[in-house]
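Novice: Curious how this folds, go ahead:
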Amino acid sequence: MTKKDRKRARVENRAPLSRIERGYQSRWYAPGTGPPDWAKVYMSYKELRELISCQLHRKLSEDFHLYCADDEYYCPPVGDASKIIKNSRLDRRNWVAEKFDCDDFAHVLKANFSEAAYKDGRRRRPHCFGIIWGAFPHAHAINWMVNCDLKLRFVEPQSGRIYFPRVDDRDIWFMLA
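Specialist: Alright, predicted model coming up:
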């Protein structure tokens, strides 16, 4: 991706191009056009870093760190991700200070996505899903995901609510994929 393409993507608040695979064929498509139903969207860790810097650049703290443990990630449709969130049943758990608080909810939901990826033997890639720490609007740990439309979304693991980053979300200091 050229410097000009990155600048255009940042200005348009869109992600860079991403690969979709169908069997042995690969194609490229522009974000917003959306992949067909048969498509599985994958993203490299480099593409993920660019997408995060484009979509969150003003919300990141000066000492921001992103840790990507894998080389490539699967970007699921929002509906598939919603099913995993619902099946986690985290909305039925009680918050307990210093024992099962926001970071523990986020870790358990991340584990549910890891388990779902493990059970899907056809795909062999982890979900583009992780944990994020920042001011939402106060110090808090939640989850994040990138879906097949290449939009970054936040997930409140205590309620299962999915939303786009808000204006008052800021000082994001760490993201784990």
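Novice: Could you use CA atoms for every contact and neighbour count after this?
Specialist: Noted.
Novice: for this protein, what spans make up the strands?
Specialist: Ranges of strands within the chain are 18-22, 25-29, 40-44, 60-67, 72-75, 129-135, 139-146, 152-156, 161-163, 170-176, based on DSSP state E.
Novice: Turn these into TSV, including mean pLDDT, mean neighbour count and distance to residue 85.
Specialist: Output for the strands of the chain, formatted as TSV (pLDDT from 0 to 100; neighbours: other Cα atoms under 10 Å; distance: least, Cα to Cα, whole Å):
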stretch	mean pLDDT	mean neighbour count	distance to residue 85
strand 18-22	41	17	24
strand 25-29	40	10	28
strand 40-44	87	21	20
strand 60-67	94	13	22
strand 72-75	94	22	15
strand 129-135	96	22	11
strand 139-146	94	22	11
strand 152-156	96	21	9
strand 161-163	95	14	9
strand 170-176	94	19	18
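Novice: Make a markdown table from those strands and add distance to residue 87 to it.
Specialist: Shown next, in a markdown table, are the strands of the chain (distance: least, Cα to Cα, whole Å):
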| stretch | distance to residue 87 |
| --- | --- |
| strand 18-22 | 27 |
| strand 25-29 | 32 |
| strand 40-44 | 22 |
| strand 60-67 | 26 |
| strand 72-75 | 18 |
| strand 129-135 | 16 |
| strand 139-146 | 16 |
| strand 152-156 | 14 |
| strand 161-163 | 13 |
| strand 170-176 | 22 |
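Novice: For residue 94, which of those is the nearest?
Specialist: Shortest distance between residue 94 and these, using Cα to Cα, is found for strand 152-156: 14.0 Å.
Novice: Paired strands for that closest one, with orientation please.
Specialist: Applying DSSP bridges to the sheet, strand 152-156 is found paired with strand 139-146 (antiparallel), strand 161-163 (antiparallel).
Novice: so for the longest helix along the chain, what's the average pLDDT?
Specialist: Taking DSSP state H as the criterion, the chain has its longest helix at helix 102-119. The pLDDT scores in helix 102-119 average 90.
Novice: just to revisit the earlier point, adding distance to residue 67, write the strands paired with strand 152-156 out as CSV.
Specialist: Formatted as CSV, the strands paired with strand 152-156 follow (distance: least, Cα to Cα, whole Å):
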stretch, distance to residue 67
strand 139-146, 13
strand 161-163, 22
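Novice: out of the ones you listed, nearest to residue 125?
Specialist: Residue 125 sits nearest to strand 139-146 of all the strands paired with strand 152-156, at 13.8 Å, using Cα to Cα.
Novice: Which positions within stretch 92-112 qualify as buried?
Specialist: Along stretch 92-112, these residues count as buried under the neighbour rule (16 or more other Cα atoms under 10 Å): 102, 103, 104, 105, 106, 107, 109, 110, 112.
Novice: List the contacts of the closest residue to residue 171 other than its chain neighbours.
Specialist: Excluding the flanking residues, the one nearest residue 171 by Cα to Cα, 6 or more residues apart in numbering is residue 61, at 4.5 Å. Taking Cα atoms under 8 Å, 6 or more residues apart in numbering, we find residue 61 in contact with 170, 171, 172, 173.
Novice: All set now, cheers.
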